[in-house]
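In: okay, sequence plus prediction incoming.
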Amino acid sequence: MERMDKTLEILERLIAFPSISSESNRDLIDWIAAYLEPYGARCQITSDTDGKANIFATIGPDVDGGLILSGHTDVVPVAGQDWSADPFTMREEGGLLYGRGTCDMKGFIAAALALAPEFAAADLARPVHYAFTYDEEIGCLGARVLVDEMVKAGLKPSAAIIGEPTSMRIIEGHKGCCEYTTEFTGVEGHSSLPDLGVNALEYATRYVSKLMEIRQDLPARAPEGSRFDPPHTTLQICELHSGVAHNVIPNKAAVGWEMRPIQQSDRDYVRERIESFTRDVLLPEMKAKNPVANIEEIFASEVAGLEPDPDSEAVAIVRALTGGNETEVVSFGTEAGLFQQGGVSAVICGPGSIEQAHKPDEYVSRDQLAACLEMLGRVAGQLH
């Protein structure tokens, strides 16, 4: 079977698994394991939560220096989106393949799996590893487990290609993604007697104001020559929940905010300033009114950025595979930084455009899949 035909057959099967982050992906992972094992793949399934799993599978010799082909198996929800047809049934029109996950990022997974017979038949000097994860869309949770297990097992791949949709451009760096929810607990009461309550909403708004003040410092911290758009770390207030009625002092408030640091020092700067303001100003004022008052961070997700490396082996490999020389950086986050933290050189390159991701009638084109297959078809030659 031709590579493209095999890829489309696999992609159709992958799309049929409704692996939304809120649901289990285990059936999909088990299907991938069953597909790979006849090609001699050594499959390890890992998880830290019921119903969800990663797979780390290896074809080739048991030696260091292998190449990881990585992708996430979860997709974003389709609820409330205006799809032209069933999002979990792949359809083709005009050379475009529609379905949830075709672009982000089951197209790359399908192409990588389609090459398994060729990897198995090749005389590889270094192994090819498949690393497919859960819950990337809600904080790269699965990749954290997978990379930790890889490090604990003493596995030392040299490089990883993360196949996020880049239109097959070579991406050597991206910002981090840090998400937080901070909850304020006050004391409710009648609005006509403000001294008897602790207004959680008012303290939450002061917290928000401080974040906005800190945000003003970030443009000046951008490294000279930064290629990011925008060129500096960003910070956004995304949620504020509080109150039940006009005449009730709210005793609960929650602030959801995020930042996308281009360097660890920016993350540390923001965290240190908002934490000191909370610890030294807001919390003492609240507790002076009533000791039950409190401020607590109830959710935090910090995904590492991918720092450009002029000596990146992963970038060198993808340049050789694609014939391309230009590299870029992007503002959206991926699992690449986690592999980099685990000691594996990482690069991002995959079929489809990020502009199609997360939208109704998501698609990837045949042309993009063909370019991806051409790149992956040269992998075996790179590992001799």
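Out: All right, it came through fine.

In: return the residues in contact with Leu36.
Out: Each residue near Leu36 by C-beta atoms under 8 Å, 6 or more residues apart in numbering is listed here: Cys43, Ala57, Ile59, Leu113, Ala116, Tyr130. Placement of C-beta: from N, CA and C, glycine included.

In: quick check: the farthest pair among those residues?
Out: Cys43 and Leu113 (12.4 Å; C-beta to C-beta).

In: looking at those two, which one has more neighbours?
Out: Leu113 (26 against 17; other C-beta atoms under 10 Å).

In: sorry, back to before: need the contacts of Leu36 in a markdown table with pLDDT, distance to Gly139 and secondary structure, can you?
Out: Listed next are the contacts of Leu36 as a markdown table, based on pLDDT from 0 to 100; distance: C-beta to C-beta, whole Å; DSSP: H, G, I helix; E, B strand; the rest coil:
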| residue | pLDDT | distance to Gly139 | secondary structure |
| --- | --- | --- | --- |
| Cys43 | 97 | 25 | strand |
| Ala57 | 98 | 24 | strand |
| Ile59 | 98 | 29 | strand |
| Leu113 | 98 | 25 | helix |
| Ala116 | 98 | 29 | helix |
| Tyr130 | 98 | 22 | strand |
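
In: could you save those as TSV and add columns showing distance to Pro231?
Out: TSV is the format used below for the contacts of Leu36 (distance: C-beta to C-beta, whole Å):
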residue	distance to Pro231
Cys43	43
Ala57	39
Ile59	41
Leu113	38
Ala116	41
Tyr130	35
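
In: from those, pick the one nearest Arg91.
Out: Nearest to Arg91 among these: Leu113, at 20.5 Å, using C-beta to C-beta.

In: I'd say that closest one and Leu11 touch.
Out: No - judged on C-beta atoms under 8 Å, Leu113 makes no contact with Leu11 at a distance of 9.2 Å.

In: show me the contacts for Leu96.
Out: Counted by C-beta under 8 Å, 6+ apart, Leu96 has contacts Tyr363, Val364, Ser365, Arg366.

In: now do Phe332
Out: His174, Lys175, Cys177, Ile354.

In: pLDDT for the residues you listed - can I get that in TSV?
Out: Converted to TSV, these look like this (pLDDT from 0 to 100):
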residue	pLDDT
His174	95
Lys175	94
Cys177	91
Ile354	92
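
In: wait, which of those is closest to Gln264?
Out: Taking C-beta to C-beta as the measure, Lys175 is the one of those closest to Gln264, at 11.4 Å.

In: what about that closest one, how many neighbours?
Out: Around Lys175 there are 26 residues (other C-beta under 10 Å).

In: who's in contact with the residue lying closest to Leu141 once chain neighbours are set aside?
Out: Excluding the flanking residues, the one nearest Leu141 by C-beta to C-beta, 6 or more residues apart in numbering is Asp135, at 3.8 Å. Shown in contact with Asp135 (C-beta under 8 Å, 6+ apart): Ser21, Lys52, His72, Asp74, Leu141, Gly142.

In: make JSON lines out of the residues you listed and add neighbour count, pLDDT and secondary structure.
Out: Below are the contacts of Asp135 laid out as JSON lines (neighbours: other C-beta atoms under 10 Å; pLDDT from 0 to 100; DSSP: H, G, I helix; E, B strand; the rest coil):
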{"residue": "Ser21", "neighbour count": "20", "pLDDT": "93", "secondary structure": "coil"}
{"residue": "Lys52", "neighbour count": "22", "pLDDT": "96", "secondary structure": "coil"}
{"residue": "His72", "neighbour count": "30", "pLDDT": "98", "secondary structure": "strand"}
{"residue": "Asp74", "neighbour count": "23", "pLDDT": "97", "secondary structure": "coil"}
{"residue": "Leu141", "neighbour count": "21", "pLDDT": "91", "secondary structure": "helix"}
{"residue": "Gly142", "neighbour count": "31", "pLDDT": "94", "secondary structure": "helix"}
